[in-house]
Structures are given as C-alpha cells and as structure tokens.
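Visitor: Kindly return the folded structure for what I paste below:
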Amino acid sequence: MSRNILLILALTCIISCNENMSDKKNTTEHLPAIALHGGAGNLEKLNLTEEQKNEYLHVMDSAVSQGYQILQLGGSSVDAVEAVIVILEDCPLFNAGKGAVFSHDGCNELDASIMSGADLSCGAIAGVRHIKNPIRGARKVMEKSEFVLLHGEGAEDFLEEQGIEKVDTSYFYTEHRWQQLLKAREKESKAHLDHDGEHTENDPDKKHGTVGCVAIDKFGHVAAGTSTGGLTNKKYQRIGDSPLIGSGTYADDSTCAVSCTGKGEDFIRIAVAAEISSRIRFANEPLDKAVHTTLHGRLVAVDGRGGCIAISPTGEIVMDYTTKGMFRACIEKDGKKTLAIY
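Guide: Next comes the predicted model:
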C-alpha cells in the first residue's frame, strides 16, 4: 500500500471521527425544566380561604405539568411556554385573558409577549380587546410579522389575518373583576389612592394576577412569555412592562429566560429582565445572584416591587420576589415539582 493511500485513509478516519463527534454534540439532549408565575404582591391581604388556595395550586399544578409534558415529548420551549400561559389565560383566577381586570373605561385591555432564546426572535401585543389568548397573538407577531410589538386595533387586524381566535368583549367579563373596578373608582373618588392613581402595597386587588412562564427544552433552548390585563382602573390605555421585551420578558440561550410581574413602571425603568441577562453576560454572575441583585438591589432602590421567574441554559430555576408572596410553580430538571403562594 503506497504512502499516499495510507495518508488518504488516515485523513478519512479523522474526518469520520470528527463528524461522529459533531453529530453526538448536536444530538445531545438536555434535561427539560419549566416554571410559571401567576403574579406577585401583598397576597396575604387577599385573605384566601383554604379552598381558594387549593384552587390556585390546582390550576398551577395542571399548567406546569402540561408544559413539562410537552418538553418531555420533544416540544420546543416556545411551545411549552405558550401552552402554559394559554391555560392560565383561560382561568378567571388570574389577571390575564378571561380573568383580566377592567380599565377605568370599563374595558379589558390585554398585553402579552413571548421570546425565543434560540435566535432572540420575539413578539408582543398590547391594548387588545378581542383576542381570546393574547400569548398566541404575541407568538404570531414573532413568527409571522416583521415587527416586535403591535398595539390596539392594528394588532387585532393583523391577528385576524393570521386566523387568531377573536371573541366578543363580554367573554372577558367576570363579576369579581367588575367589583374590583367599582371599588377602585370609589376609592379614587374619595382620594384614597396615591397621587398618580396607581396601585399601592396595601391595595391587593390591583397587585396580583399577571402570568408568565419560562422553560428550557431538550435542545437546550430557553424561552419566556408573559401575559396580563394590566392594572385595575388604569387610564389612557396605559401599557406596563409585560409586553415590553427586556422589561417584562427576555430570553437568550447564552444567559437565561425571564418573566416578570409587579409594578410595571419600575420594571420598565430598570429593564429588569434584560438587566438580569446582562449581569450574567457581562459580570459572569450566576442566575440566582443576578436575579437577587436586580430585584432586591436595583428595583428596591427605586421603590419598585414585584418578582420574576428565571431559568438558565443548564436548567437552573430561580423564583424570587420582594413582595409578601408570588403565585409560582416549577418542575426542575430532576423532575422535582414546587407549588407555592407565599
């Protein structure tokens, strides 16, 4: 056998080995993990009965379990995030979709956003009134439009073209939320609200309910999504942090995925979700430190309050908050499940 033939055989063997190693690297499965939140606030003042607590826990258990099953079956993190939030939007217990609060004008104005850490693609909608599941609308904006954020009638026109389900505004009505609006209007008329008309720490009706989800799939991709009805008695078509990429939602495979809940204006000022990611990227902080420093340091420094859920590219989950409680649930990469309120 000539020297050239031996060389060719050697090179062929090296190339084949490299290709096999590459294939193994590309097909390596990650352990899936998922977390959700249902809003943060002074939840003790809600005075939930044991029956009510169990109802919240049951819904969160069902949602996080279904999301985890999607991941186990090979579904994407975006699929899981969307599915979990749809379940929470369909539940009147939370301030999103069916359970959304009423604005000052007696309307439900819905916001949502979603982001994929795989390629930083993202989509959001704000101020929509007829979209049954806003998170599905946000995903359509992400995947079918050239834009990131659409608002109001324009968003609804686009989503109608995309075949997203629309409903009459009566679908979103719940007596509980309507009574919250009447109570807020009464307080406002008596000047019991603070100077800017926003919620206060002692006003639990305004504080809780925004929903969100973060996940990592078997392919190592993270995703995040958030959906809300905003604030009870909000005016002037106010938009909070939930539909704003970088404030209420962020996802990047190289750092983390984050979904936030709380006093939206302060989350916007700090760009909380993006700040957590940046602390990991530029300061090389672990996820738990990045979350804690941002929430308990930067956010508290501007008198902000709230919480977030976050997940790392290795499947670590952090659920942290500065308030008295946060509706939350997760299934970690080892299969351990957590359900909690306070």
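
Visitor: Let me know how buried residue 243 is, in neighbour terms.
Guide: For residue 243, the neighbour count with other Cβ atoms under 10 Å is 33. In short, each C-beta sits where N, CA and C put it, glycine included.

Visitor: All further residue positions should be reported with the first residue as 387.
Guide: From this message on, residue numbering opens at 387, which makes the last subject residue 629.

Visitor: so what's it scoring on pLDDT?
Guide: At residue 629, the model reports a pLDDT of 98.

Visitor: In contact with it, which residues?
Guide: Going by Cβ atoms under 8 Å, 6 or more residues apart in numbering, residue 629 touches 497, 498, 499, 510, 511, 512, 524, 535, 612, 635.

Visitor: Assumed it was part of a helix.
Guide: No. Judged by DSSP: H, G, I helix; E, B strand; the rest coil, residue 629 forms no part of a helix; its state is coil.

Visitor: Okay, it and residue 444: tell me how far apart.
Guide: 28 Å (Cβ to Cβ, to the nearest Å).

Visitor: List the buried residues of stretch 444-464.
Guide: Within stretch 444-464, the residues scored as buried using 16 or more other Cβ atoms under 10 Å are 445-446, 449-451, 453-454, 456-457, 461-464.

Visitor: Tabulate these (JSON lines), appending distance to residue 604 and secondary structure.
Guide: What follows is the buried residues of stretch 444-464, written out as JSON lines (distance: Cβ to Cβ, whole Å; DSSP: H, G, I helix; E, B strand; the rest coil):
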{"residue": "445", "distance to residue 604": "26", "secondary structure": "helix"}
{"residue": "446", "distance to residue 604": "23", "secondary structure": "helix"}
{"residue": "449", "distance to residue 604": "20", "secondary structure": "helix"}
{"residue": "450", "distance to residue 604": "17", "secondary structure": "helix"}
{"residue": "451", "distance to residue 604": "17", "secondary structure": "helix"}
{"residue": "453", "distance to residue 604": "13", "secondary structure": "helix"}
{"residue": "454", "distance to residue 604": "12", "secondary structure": "helix"}
{"residue": "456", "distance to residue 604": "11", "secondary structure": "helix"}
{"residue": "457", "distance to residue 604": "7", "secondary structure": "helix"}
{"residue": "461", "distance to residue 604": "9", "secondary structure": "coil"}
{"residue": "462", "distance to residue 604": "9", "secondary structure": "coil"}
{"residue": "463", "distance to residue 604": "9", "secondary structure": "helix"}
{"residue": "464", "distance to residue 604": "13", "secondary structure": "helix"}
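
Visitor: if we can go back for a sec, and of the contacts of residue 629, the nearest to residue 438?
Guide: Nearest to residue 438 among these: residue 612, at 23.7 Å, using Cβ to Cβ.

Visitor: Phi and psi next, for that closest one.
Guide: Per-residue torsions, residue 612: phi -150, psi 140 (degrees, to the nearest 10).

Visitor: Just list whatever residues bridge to it.
Guide: residue 499, residue 598 (DSSP bridges).

Visitor: Correct me if wrong: it contacts residue 646.
Guide: Yes. Contact criterion Cβ atoms under 8 Å: residue 612 and residue 646 qualify, at 6.8 Å.
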